[in-house]
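>>> show me the folded form of this:
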Amino acid sequence: MNRRSFLKRSALTAGAVSVFAISGGRASGQILGANDRVRIALAGAGGRGGELLNAFEKIENVEIAYIVDADRNRVEGRIKEIEQKTGKAPQGTQDFRVMLEDKNVDCVAVASTNVWHSLMAIWACQAGKDVYVEKPCCQNLFEGRKCVEAAAKYNRLVQHGTQRRSSDDWAKVAAAVQSGKYGKLVAAKAYAHRPRGPLGFKPVQTPPENLDWNLWCGPGPMQEYHENLVPYNWHWFWGTGNGEIGNNGVHYFDLCVWAMGEKHPNSVIAFGSRFVNDPENQYKDQAQTPTIQFVLYDFGGIPLIYESCNIAGPKDKWNPREEAEFFTENGIIRGATFIPHSGQPEKIEMEYEKPEPGGPFGNFVNAVRDRNSVKLNAPITKGYYAAGVCHWGNAAYRTGKPEGFKAIREKMGDNAILQESIERVAENFKEVFQDSVKIEDVPFQVSEKLTIDAQAEKFVNCPQADAFLKRAPRPPFVVPEEV
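Residues are numbered from 1 along each chain as shown. So this is what the prediction gives:
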């Protein structure tokens, strides 16, 4: 299928992109020799794309063969950068679909905005290319399931960007929790505290000439351009991102589901607020996702708690914190350390299954070269569940109704670990605002406890929350029901 016919058909079929019939060539799934060159296309040439670029360039006999980005200036800049380093310029395009026709491209590294992650991964699988897709692999639950299905149907390797799966320490922690060596697990917790300043309000304007706005919006809603979306702050808008829970929380959820078993929770309750330190704008800004967010999940009787506060106080009292910890009957597992209720902390020592060597990127390239003997450390079948934890929590949060902080304290009072989180954030809030604003006066939204049908991957009797698990399609950039 040539480029013209492909683009025409994709538009006519409202995104039901046909499967590429690739026979022979490098994208056929053949096993490559250890010294064979692996040719990678980078989709998304911004900050994270640059980090992936640097990581893959360090691996022997890997070539960055294609640069894809809706911003033409980014494409041209990365091409020049690579040519200066290697003496060879990769090809470039603003349209991901054009790159898919190149049979010499073996795999795709997706570092685009979240709304593109799933569709790019699915299209690449259909085109016979393996995929490294950044976290979260999907912007909603439906799209993640379709990624899993596409990888299986087209026999493609799809590595999820929760790169801590390649860490020996994390593998050891997961094994320790599963083994019960340090006591029976009674609760788990994930933190994603990172200071984020207020965005203010940017006016709607015409997109710059170098940016293909239709391609940038892609599978997400077509919306008006403003400079709080591009290049980075799209993370904090529901149409393009998933908030801090999907930006950094997903890494620590990944360790939690690794230790507790890759599955969906039984229920979820969430509360939070978008409140920023900007009194001139009534403590509001243009963004939408919460700056304070708590989520309580039930994983088969084991509570998993998420705590996030982007309004950070003085560093000596409130350091940025991103980690997971596990509460057992005998103490706390934090990092690679066990902290008993009594006694001295000790380094975790036990047998565990070591991750494949090479780190997340080397592991991916090694698997592309020899898919029979090398397994992925972070396959999409596991990463999907980590991303899913984010989506269940956000869906619950978005159904929330206004309640005061006092009501939250009372409603969550039966969970001591969550109550401690609430009080710590309240203390941080006071450090930031002193007496100018009291947390009791902040508008919070609180969900009901929502039961999850894990088999059907939907909520039980809550169509309002189900609506946040899938996006309204925008042809031709449609994640298909049948991959």
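>>> what about the helices in the stretch 51-200 of the chain?
For the stretch 51-200 of the chain, helices defined by DSSP state H, counting those that start in this stretch occupy the ranges 72-86, 96-99, 114-126, 141-153, 168-179.
>>> how far off centre is the third one?
Going by C-alpha atoms, centre = their mean, to the nearest Å, the spacing between the C-alpha centre of helix 114-126 and its chain's C-alpha centre is 14 Å.
>>> and it, what other elements does it pack with?
Packed against helix 114-126, as judged by 3 or more C-beta pairs under 8 Å, 6 or more residues apart in numbering; DSSP states H and E, are the following elements: helix 96-99, strand 107-110, strand 130-133, helix 141-153. Just so you know, the C-beta spots here come from the backbone N, C-alpha and C atoms, and that holds for glycine as well.
>>> dump the ones you listed to JSON lines, plus mean pLDDT.
Formatted as JSON lines, these follow (pLDDT from 0 to 100):
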{"stretch": "helix 96-99", "mean pLDDT": "98"}
{"stretch": "strand 107-110", "mean pLDDT": "98"}
{"stretch": "strand 130-133", "mean pLDDT": "98"}
{"stretch": "helix 141-153", "mean pLDDT": "98"}
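>>> please identify the deepest-packed of the ones you listed.
Most buried of the helices and strands packed on helix 114-126 by mean neighbour count (mean count of other C-beta atoms under 10 Å) is strand 130-133; its value is a mean of 29.
>>> ok, back up a step: can I get the helices of the stretch 51-200 of the chain in JSON lines with distance to R474?
As requested, these are exported to JSON lines (distance: least, C-beta to C-beta, whole Å):
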{"stretch": "helix 72-86", "distance to R474": "22"}
{"stretch": "helix 96-99", "distance to R474": "15"}
{"stretch": "helix 114-126", "distance to R474": "10"}
{"stretch": "helix 141-153", "distance to R474": "13"}
{"stretch": "helix 168-179", "distance to R474": "37"}
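>>> which one of these is the most hemmed in?
helix 114-126 (a mean of 27).
>>> now do that one and helix 141-153, the angle between them.
Computed by axes from the mean of the first three to the mean of the last three C-alpha atoms, to 10 degrees, the angle separating helix 114-126 from helix 141-153 equals 20 degrees.
>>> with just CA atoms, put helix 114-126 into CSV.
C-alpha atoms of helix 114-126 as CSV (Å, rounded to 0.1, in the frame of the first residue of the first chain):
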residue,chain,number,x,y,z
ASN,A,114,-0.4,10.8,26.1
VAL,A,115,-3.3,10.9,23.7
TRP,A,116,-1.2,9.4,20.9
HIS,A,117,0.5,6.6,22.9
SER,A,118,-2.0,3.9,22.2
LEU,A,119,-2.9,4.7,18.6
MET,A,120,0.8,5.0,17.6
ALA,A,121,1.5,1.7,19.4
ILE,A,122,-1.4,-0.1,17.7
TRP,A,123,-0.6,1.3,14.2
ALA,A,124,3.0,0.3,14.6
CYS,A,125,2.0,-3.3,15.6
GLN,A,126,-0.3,-3.5,12.6
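>>> buried residues, stretch 335-349. List them.
The neighbour-count check on stretch 335-349 (16 or more other C-beta atoms under 10 Å) flags 338-339, 348 as buried.
>>> among the helices of the stretch 51-200 of the chain, which comes closest to P443?
Within the helices of the stretch 51-200 of the chain, the stretch nearest P443 is helix 114-126; the backing value is 26.1 Å (C-beta to C-beta).
>>> of all the helices of the stretch 51-200 of the chain, which lies closest to V442?
Ranking the helices of the stretch 51-200 of the chain by proximity to V442 (C-beta to C-beta) places helix 114-126 first, at 27.2 Å.
>>> the closest one - what's its average pLDDT?
Computed over helix 114-126, the mean pLDDT rounds to 98.
>>> can you pull out the residues in contact with stretch 378-387?
Contacts with stretch 378-387, where a contact means C-beta atoms under 8 Å, 6 or more residues apart in numbering, come from 121, 133, 135-138, 144-145, 147-148, 151, 157-163, 165-166, 246, 250-251, 253-254, 257-258, 262-264, 360.
>>> rerun at 7 Å
135-138, 144, 147-148, 151, 158-160, 162-163, 165, 250, 253-254, 257, 262-264, 360 (C-beta atoms under 7 Å, 6 or more residues apart in numbering).
>>> and stretch 279-292, by the same measure?
Residues contacting stretch 279-292 (C-beta under 7 Å, 6+ apart): 196, 198-202, 228, 233, 236-238, 241, 243, 272-276, 278, 309-311, 397, 425, 437.
>>> tell me the pLDDT at L100?
Per-residue confidence (pLDDT) for L100: 98.
>>> can you give me the neighbour number for the nearest residue to it once chain neighbours are set aside?
Take L100 and drop its neighbours on the chain: the residue closest to it by C-beta to C-beta, 6 or more residues apart in numbering is A127, 4.3 Å away. Using other C-beta atoms under 10 Å, the number of residues around A127 comes to 24.
>>> A127 and P360: what is the separation?
As for A127, its distance to P360 is 23 Å (criterion: C-beta to C-beta, to the nearest Å).
>>> circling back to that earlier point, filter the contacts of stretch 279-292 to the buried ones?
Counted by 16+ other C-beta under 10 Å, those give 196, 198-199, 228, 233, 236-238, 241, 243, 272-276, 309-311, 397, 425, 437 as buried.
>>> restricted to strands, list these.
Judged by DSSP state E, the buried ones among the contacts of stretch 279-292 include 272-273, 309 as members of strands.
>>> quick one: residues contacting the spatially most central residue of the chain.
Geometric centre of the chain, nearest residue: P136, 1.9 Å, by C-alpha atoms, centre = their mean. By C-beta under 7 Å, 6+ apart, the contact list for P136 reads 114, 117, 242, 246, 250, 387, 390.
>>> same check on A395?
465, 468-469 are the contacts of A395 under C-beta under 7 Å, 6+ apart.
>>> which strand or helix spans it?
Secondary structure from DSSP states H and E places A395 in helix 380-398.
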